[in-house]
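In: make a model of this:
(one chain, ligands or ions: 1)
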Amino acid sequence: MSLKIVGTGKGIPARSVTNQELSDFLDTSDEWIVSRTGIKSRNICSHETLSDLSAAAARQALEKSHLLANEIDLIICSTIEGDFRTPSLACCLSHDLGTMCPAFDVNAGCTGFIYALEVASSFLAAKKANNILIVCAEMMSTHMDWTDRNTCVLFGDGAAACVVTNGNALKYLDLSVTANPAVLNIPSGTGNNPFVSKPRENGFVNMRGQDVFKFAVGAVETGLKQALHALNVSTEQIDLFLLHQANKRIVDSIRTKLQQPEEKFPINIERYGNLSSASIPLLLFELLEENKIKSGDTLFMSAFGAGLTTGNCVMVWE
Ligand code: COA
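Out: Here you go, the predicted structure:
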């Protein structure tokens, strides 16, 4: 396993939408959303495409890595759905950046960043690439039923990127699937195919919120236990826990169980909502910008999402 992150970036839509604005057309309130989720506002695409957000995040990550686009050997995008079903978001990004290297998408729901890191690590180990651009980009607003208060208040739009190269930061990475598509899904439709007996419409997010909540808390705990055991380190030796930002209460539940101080569990969900796979790399970007990660810090990253997928990794920052 040989990987380190050398630069990060973000691409966030301009329009910020507060809970108050949602309560103008939904039977909800700022008080309900903040107390149940920790979310105060989220950014929603009004004119931006997912390719726009991805390109902004990618350019910033390249700049911080002191690399030119043509020095990238592979582009991996993580997204539930890009601007097109095909070509992939990675191909659209390649067009924007003017690269000719291989480019493809991974879809592991909100766990996509950790899955992308695993793919990148394998390419580096196989010496098939030296510099890899990972961009996680999600336009959750297009997958929401904006009349469903149970789901549309939870998510936001945004992208975050990182450039990875050979290094020793990545110490542990584990992926898994506990398959249960019914708990969290976005149905794809049957188009106007005249031969189907029962046409399905293109759908919106379906979610059994409390089931996801319980799964998430258990999955992160189990994932951490396995990582600590594999590396022979203690919970106390983890400096920062970068958890998928789905609900502040999920993060708080895990922190309380682990009896760790609040400052070890950074959050930004209050400003962005759940950005699916972009959530952890965006948090990473912000922490680096604020100089809250220093060389030698041990980071535990843990994500969970539709599938149900989980992914955990430990990095000692280089
Ligand atoms: N505003 C006001 N009321 C709302 C509401 C909203 N936006 N959304 C739901 N409610 C209502 C419900 O209709 C229900 O009303 P009822 O008691 O009259 O039936 C009540 O609030 C409680 O709903 P419940 O689903 O029990 O709330 P909860 O405490 O479980 O919180 C979630 C709901 C979705 C916030 C929470 O379950 C959650 O965050 N789950 C994880 C979801 C997630 O992380 N998904 C992505 C994973 S990648």
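
In: what number of residues lie near the residue nearest to residue 230 when sequence neighbours are not counted?
Out: Distances taken as Cβ to Cβ, 6 or more residues apart in numbering place residue 172 nearest to residue 230, at 5.6 Å, with adjacent residues excluded. C-beta: built from backbone N, CA, C; applies to glycine. Neighbouring residues of residue 172 were enumerated by other Cβ atoms under 10 Å; the total is 18.

In: the ligand contacts on the stretch 1-150 of the chain?
Out: Residues of the stretch 1-150 of the chain lying close to the ligand by Cβ under 6 Å from any ligand atom are 28, 32, 33, 36, 37, 110, 149, 150.

In: and the last one, what is it in contact with?
Out: Neighbouring residues of residue 150 by Cβ atoms under 8 Å, 6 or more residues apart in numbering: 207, 209.

In: what does the stretch 151-300 of the chain put close to the ligand?
Out: Checking the stretch 151-300 of the chain against the ligand by Cβ under 6 Å from any ligand atom, the hits are 153, 207, 209, 210, 212, 213, 246, 247, 274.

In: nearest to residue 54 among those?
Out: Closest to residue 54 out of those is residue 274 (18.3 Å), distances taken as Cβ to Cβ.

In: turn the residues of the stretch 151-300 of the chain next to the ligand into JSON lines, columns for pLDDT and neighbour count.
Out: Listed next are these as JSON lines, based on pLDDT from 0 to 100; neighbours: other Cβ atoms under 10 Å:
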{"residue": "153", "pLDDT": "98", "neighbour count": "24"}
{"residue": "207", "pLDDT": "97", "neighbour count": "17"}
{"residue": "209", "pLDDT": "96", "neighbour count": "16"}
{"residue": "210", "pLDDT": "97", "neighbour count": "8"}
{"residue": "212", "pLDDT": "97", "neighbour count": "21"}
{"residue": "213", "pLDDT": "97", "neighbour count": "15"}
{"residue": "246", "pLDDT": "98", "neighbour count": "27"}
{"residue": "247", "pLDDT": "98", "neighbour count": "22"}
{"residue": "274", "pLDDT": "98", "neighbour count": "23"}
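
In: make a PyMOL selection of the buried ones in the residues of the stretch 1-150 of the chain next to the ligand.
Out: Command for PyMOL that selects the buried part of these, burial taken from 16 or more other Cβ atoms under 10 Å:
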select buried, resi 28+33+37+110+149
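
In: so which of the residues of the stretch 1-150 of the chain next to the ligand belong to helices?
Out: Under the assignment DSSP state H, those contribute 32, 33, 36, 37 to helices.

In: export these to JSON lines and tack on distance to residue 298 and pLDDT?
Out: Shown next, in JSON lines, are these (distance: Cβ to Cβ, whole Å; pLDDT from 0 to 100):
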{"residue": "32", "distance to residue 298": "37", "pLDDT": "98"}
{"residue": "33", "distance to residue 298": "33", "pLDDT": "98"}
{"residue": "36", "distance to residue 298": "31", "pLDDT": "98"}
{"residue": "37", "distance to residue 298": "28", "pLDDT": "98"}
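
In: and those, which two are the farthest apart?
Out: Longest span within these, Cβ to Cβ: 32 and 37, 8.8 Å.

In: what's near enough to touch residue 309?
Out: By Cβ under 8 Å, 6+ apart, residue 309 lies in contact with 108, 109, 110, 111, 115, 175, 176, 177, 303.

In: what is the neighbour count of the residue nearest to the fifth one when sequence neighbours are not counted?
Out: I take that to be residue 115. Nearest residue to residue 115 in three dimensions, chain neighbours excluded: residue 108, at 4.0 Å (Cβ to Cβ, 6+ apart). Residue 108 has 24 neighbours, counted by other Cβ under 10 Å.
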